[in-house]
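Engineer: Mind looking at a prediction? Sequence and model below.
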Amino acid sequence: MHSPAGSTVVVDGRTFERVPIRTPVLKPGDDIAAAILAHAGPQLRPGDTVVLSESAVAIMQGRARDWRTIHPTPLARWLARRVRQTSYGTGLRSPYAMQYAIELSGLPRILLALPAHVAGKILGQRGWFYLVAGLNARMMDAEHTMGVAEFYDCCIPAPADPPGTVRALKAATGHDVAICDINDIAPAWCVASTLPKERVRLLERSFDDNPLGQTDEQTPLGIWREIAAG
């Protein structure tokens, strides 16, 4: 359930407003800065931070790929069968998503991630596979999991160059920008931002309740602002 527009949250005694911004369906080739200014611009105030869904950024960058154009190799199918099933999505359990991750990350990196996974398992640690395989493997959304109908048949990886993207968007819009992975299950995670480190954690905790939603709300961007006492 997504929070009402303009909802507030208190983090460490400080009050923040989260304003979901509804947009048309954002598509490959759309200019990200132009989309921010067109849809969020009228509500932006000095000091605001623009929060972008990582999937929306990847889509506008042209990285969403129809599963029917992906042809899993035997290795991709073998690896996909060995991905641990979780409650929060298919991810690399899809051989199509796995194949796309291999193509983006490079086969050597994926192969290096296998012994890292084994070492982590021996030591009782999780996530070492994704630590080595990189963002495109960690953030890959499988086909038939996207809430927006136009991209339901797509595998969607991480955005390209998140740090460079947020820097360019800040220069173009004049506002701090954060690309975030926000959902109904896991804590919010800021993939990249132009904010100081101490404010990144405040932003993440401000979005743990997923005020932007993740199905058909069509609110792939939002505004985060601190409300001064009084």
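Structural biologist: Yes, it's here. Residues are numbered from 1 along each chain as shown.
Engineer: In three-state terms, label Cys190 for me.
Structural biologist: strand (DSSP: H, G, I helix; E, B strand; the rest coil).
Engineer: ah, wrong one, I meant Gly222
Structural biologist: Classified using three-state DSSP, Gly222 is strand.
Engineer: Pull the number of nearby residues for it.
Structural biologist: Using other Cβ atoms under 10 Å, Gly222 has 27 neighbouring residues. C-betas here are computed from N, CA, C, even on glycine.
Engineer: One more: Glu103?
Structural biologist: Around Glu103 there are 16 residues (other Cβ under 10 Å).
Engineer: Is the closest residue to Asp12 other than its chain neighbours within a helix or a strand, and which one?
Structural biologist: Distances taken as Cβ to Cβ, 6 or more residues apart in numbering place Leu202 nearest to Asp12, at 6.9 Å, with adjacent residues excluded. Using DSSP states H and E, Leu202 sits in helix 197-206.
Engineer: re the thing from before, residues touching the residue nearest to Asp12, list them.
Structural biologist: Contacts for Leu202 (Cβ atoms under 8 Å, 6 or more residues apart in numbering) come out as Val11, Asp12, Arg14, Phe16.
Engineer: Give me the buried entries from those.
Structural biologist: Buried by 16 or more other Cβ atoms under 10 Å: Phe16, out of those.
Engineer: Adding distance to Asn183 and pLDDT, write the contacts of Leu202 out as CSV.
Structural biologist: Shown next, in CSV, are the contacts of Leu202 (distance: Cβ to Cβ, whole Å; pLDDT from 0 to 100):
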residue, distance to Asn183, pLDDT
Val11, 19, 94
Asp12, 23, 93
Arg14, 24, 94
Phe16, 19, 96
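Engineer: Between the two ends of stretch 67-74, what distance do you get?
Structural biologist: For stretch 67-74, the first-to-last residue distance is 16 Å (Cα to Cα, to the nearest Å).
Engineer: quick one: buried residues of that stretch?
Structural biologist: For stretch 67-74, burial by neighbour count (16+ other Cβ under 10 Å) applies to Trp67, Ile70, Pro72.
Engineer: So which residue is smack in the middle of the protein?
Structural biologist: Central residue of the chain (Cα atoms, centre = their mean): Glu54, 2.9 Å from the mean position.
Engineer: now that residue: how far from Glu226?
Structural biologist: Distance of Glu54 to Glu226, computed by Cβ to Cβ, to the nearest Å: 23 Å.
Engineer: now do Trp189
Structural biologist: 20 Å.
Engineer: what stretches of the chain score poorly on pLDDT?
Structural biologist: 1-6, 86-88, 213-217, 229-230 (pLDDT under 70).
Engineer: Let me see the domain layout of it.
Structural biologist: Annotated domains of the chain cover 7-63+159-227, 66-155 [automatic domain parsing].
Engineer: Bridged to the nearest residue to Ser193 once chain neighbours are set aside, which residues?
Structural biologist: Distances taken as Cβ to Cβ, 6+ apart put Ala178 closest to Ser193, at 3.7 Å, once the chain neighbours are dropped. Applying DSSP bridges to Ala178 gives these bridge partners: Val51, Ser193.
Engineer: my guess is Ala178 contacts Ser53, does it?
Structural biologist: No - the pair Ala178 / Ser53 is not scored as a contact, 10.5 Å apart, by Cβ atoms under 8 Å.
Engineer: neighbour-wise, which of the two wins?
Structural biologist: Between Ala178 and Ser53, Ala178 has the larger neighbour count (other Cβ under 10 Å), namely 25 against 22.
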